[in-house]
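[1] A structural model of the following input is requested.
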Amino acid sequence: MKTLTNIDKAAYLFLIVIFGLGIYFANTDLNYFDEVYTVEDGFVENGSAIFLLSASLLLLFRLFKLFKHKDLLWKFGILAMSIVFFFGAGEEISWGQRIFNVESSQYFIENNAQGETNLHNMVVGETKINKLIFSQLLTFVLVIYLIITPFLVRKFEWIKNLANKFAVPIVQWHHTISFLIGTGLLLFITSNRKWEIYELAFSVIFLLIFINPFNKEIYKANS
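    Just a heads-up that it's a prediction; the model follows:
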């Protein structure tokens, strides 16, 4: 495992504090945990949006910086990831609806579980989009990306070349370990709002992945 950078150390210390306080409040004052610590538009949720947006802007910065030095597939890959993380940031704060005090349209009032202007809380029939896509599908993707792909990239050169071609950053092992530890720590929190902390951990660790991936050569100009 490569040595942690100062940014890695600071980020992991931040997450240790966040999880530590979360576990403490969830087991000593559940009402405070639900209504203050992980409340909508609170520190944890807004933190997730900030880190997701930071990841999106970092990718955009690298796209513009290396635009003349990279081929079309690389540009497509990094732009697609930037859009995904920008979308995630917007969804996290319901696209600023509560910040700017914007009322939801009738459609979202009737079809959104929280009556908000976002997609991840939409309900189709009796199926919650959040549960189907943003939980089950996302979990599957994360397992493939964080656990299986790193092994394949290190074993098969052609897979690493394919990832590099589409600007897909490959995780370092400490990224994978941190996700597994964070997942395990959720067992000590019974509240359903524990997922707000998990989302914050997700946003922080992905920003770290984009900053310093295993295949950091994808962020260098082609010779």
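[2] CA only for contacts and neighbour counts going forward, please
    OK.
[3] can you pull the contacts of Asp164?
    In this structure residue 164 is Asn, not Asp. With contacts defined as C-alpha atoms under 8 Å, 6 or more residues apart in numbering, Asn164 is in contact with Trp74, Asn215, Glu217, Ile218.
[4] the third one: neighbour count?
    Yep, that's Glu217 we're talking about. 13 (other C-alpha atoms under 10 Å).
[5] checking it next. Helix, strand or coil?
    In terms of secondary structure, Glu217 is helix; the call rests on DSSP: H, G, I helix; E, B strand; the rest coil.
[6] in the protein, which spans are helices?
    Secondary structure of the chain (DSSP state H): helices located at 6-28, 30-32, 43-65, 72-92, 106-111, 129-131, 138-143, 149-155, 157-165, 173-185, 194-211.
[7] next, format the ones you listed as CSV and append mean pLDDT.
    Listed next are the helices of the chain as CSV, based on pLDDT from 0 to 100:
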stretch, mean pLDDT
helix 6-28, 97
helix 30-32, 96
helix 43-65, 95
helix 72-92, 93
helix 106-111, 72
helix 129-131, 61
helix 138-143, 84
helix 149-155, 95
helix 157-165, 95
helix 173-185, 95
helix 194-211, 95
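[8] mind putting these in TSV, distance to Val123 included?
    Conversion of the helices of the chain to TSV gives the following (distance: least, C-alpha to C-alpha, whole Å):
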stretch	distance to Val123
helix 6-28	28
helix 30-32	27
helix 43-65	21
helix 72-92	15
helix 106-111	6
helix 129-131	6
helix 138-143	17
helix 149-155	32
helix 157-165	35
helix 173-185	26
helix 194-211	19
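[9] which among the contacts of Asn164 count as buried?
    Judged by neighbour count, with 16 or more other C-alpha atoms under 10 Å as the criterion, the buried members of the contacts of Asn164 are Trp74, Asn215, Ile218.
[10] surely the second one meets Ile170?
    Yes. Counting by C-alpha atoms under 8 Å, a contact exists between Asn215 and Ile170, whose distance comes to 5.9 Å.
[11] wait, what's in contact with Glu92?
    Glu45, Asn46, Ser48, Ala49.
[12] and Ile133, what pLDDT?
    Turning to Ile133, the model gives it a pLDDT of 61.
[13] sorry, wrong one. I was asking about Gly125.
    65.
[14] how about the one 3 residues further on?
    The pLDDT attached to Lys128 in the predicted structure is 67.
[15] ok, now Ile93?
    Reported pLDDT at Ile93 in the predicted model: 80.
[16] doesn't Asp41 make contact with it?
    Yes. Taking contact to mean C-alpha under 8 Å, the distance of 6.8 Å between Ile93 and Asp41 places them in contact.
[17] between those two, which has more neighbouring residues?
    Neighbours around Ile93 and Asp41, counted as other C-alpha under 10 Å, are more numerous at Ile93. The numbers are 22 against 17.
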